[in-house]
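*Asks:* Need coordinates for the following:
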Amino acid sequence: MDTPQISLDSEKLAHDFNAAGYISIPDFFNSDEVAQLNENRERFIRDVVPTMSKKEVYYDDKSDGSTLKQLQNMDSLDAYFGKLMAPDSKLTALAEACLGEKVVPKNLQYFNKSPKVSTPTPPHQDGYYFHLSPNHAITLWIALEDVAPEQGCLNYVEGSHQFGTRAHGDSETLGFSQSILDFGIPNDLKNARKIPCKAGHLIAHHSRTIHWADGNVSGNKTRQALGAVFFAESCREDTRAKAAYQAHLDAKLAAAGKI
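*Replies:* Predicted coordinates:
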């Protein structure tokens, strides 16, 4: 994907990101770029998804292909999506500006909330899944279509990244297996921010920022997005702990007939 480089005011981006724990950038991708993203998303789903491991593909209803919910590792499976995470991409430039150092690309994901059987995404912190020390990473969320509140907007607790990682427990939500156990304390609700967006809008959040998404109650619209995860170069990943967690999760999902 040949995308023009955006002009990044690194100092302002870092200030805003560090203050709130997230930044919201409308029109990060223009209409032509969004069209390319969606053309390649359709191609990927048609041609690549049938070759993927069941552990990388989640459906709300396994028997209904229209309920595709989540895809993992798109960047490592497809050259087009790999370029989105390349060292010279504008996603990488933004991640480095926000985190204040070089980054390592980790995962490009697809997310959808089907109008048929969508469930809310529980409040969580991405860093809980990442097993990093220090917990310094970023997720860039890209809207592939307009997202109104009834489709399942992202919500953030502004400033929550400043207070460490909260205790999580099983959520029973496919694709988001952990939820903050004590979510809903006064500061959570007082500092909650909902972000409707247009196609091409990008929201970047820190791995310690509390966030969640509402369910899709539109009745007839999808809610499709990409999520690009980058770790700060200074981080160290506990690969053993992460592998153990993933193996436990995969076994649990298989036993429940979800994958």
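*Asks:* Just the CA trace of the helix or strand of the chain with the lowest mean pLDDT, in PDB.
*Replies:* When each helix and strand of the chain is scored by mean pLDDT, DSSP states H and E, helix 239-255 comes last, with a mean of 76. Output of helix 239-255 as PDB, limited to C-alpha atoms (Å, rounded to 0.1, in the frame of the first residue of the first chain):
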ATOM      1  CA  THR A 239       7.100 -15.500  26.200                       C
ATOM      2  CA  ARG A 240       6.700 -18.500  28.500                       C
ATOM      3  CA  ALA A 241       3.900 -16.900  30.500                       C
ATOM      4  CA  LYS A 242       2.200 -15.700  27.300                       C
ATOM      5  CA  ALA A 243       2.400 -19.200  25.700                       C
ATOM      6  CA  ALA A 244       0.900 -20.800  28.800                       C
ATOM      7  CA  TYR A 245      -1.900 -18.400  28.900                       C
ATOM      8  CA  GLN A 246      -2.700 -18.900  25.100                       C
ATOM      9  CA  ALA A 247      -2.600 -22.600  25.500                       C
ATOM     10  CA  HIS A 248      -5.000 -22.500  28.400                       C
ATOM     11  CA  LEU A 249      -7.300 -20.200  26.400                       C
ATOM     12  CA  ASP A 250      -7.200 -22.300  23.300                       C
ATOM     13  CA  ALA A 251      -8.100 -25.400  25.200                       C
ATOM     14  CA  LYS A 252     -10.900 -23.700  27.000                       C
ATOM     15  CA  LEU A 253     -12.400 -22.300  23.700                       C
ATOM     16  CA  ALA A 254     -12.000 -25.700  22.000                       C
ATOM     17  CA  ALA A 255     -13.800 -27.400  24.800                       C
END
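*Asks:* Buried ones in it, by neighbour count?
*Replies:* 245, 249, 253 (16 or more other Cβ atoms under 10 Å). Backbone N, C-alpha and C define where each C-beta goes, glycine included.
*Asks:* Can you list the low-confidence ranges for the stretch 151-259 of the chain?
*Replies:* The stretch 151-259 of the chain contains residues with pLDDT under 70 at 174-175, 256, 258.
*Asks:* Show me the strands in it, by range?
*Replies:* In the stretch 151-259 of the chain, the strands defined using DSSP state E, counting those that start in this stretch lie at 154-157, 168-173, 176-180, 192-195, 202-206, 211-213, 224-232, 236-237.
*Asks:* Pull the number of nearby residues for the nearest residue to residue 120 once chain neighbours are set aside.
*Replies:* Leaving out its chain neighbours, the residue that sits closest to residue 120 by Cβ to Cβ, 6 or more residues apart in numbering is residue 215, at 4.3 Å. For residue 215, the count of nearby residues is 16 (other Cβ atoms under 10 Å).
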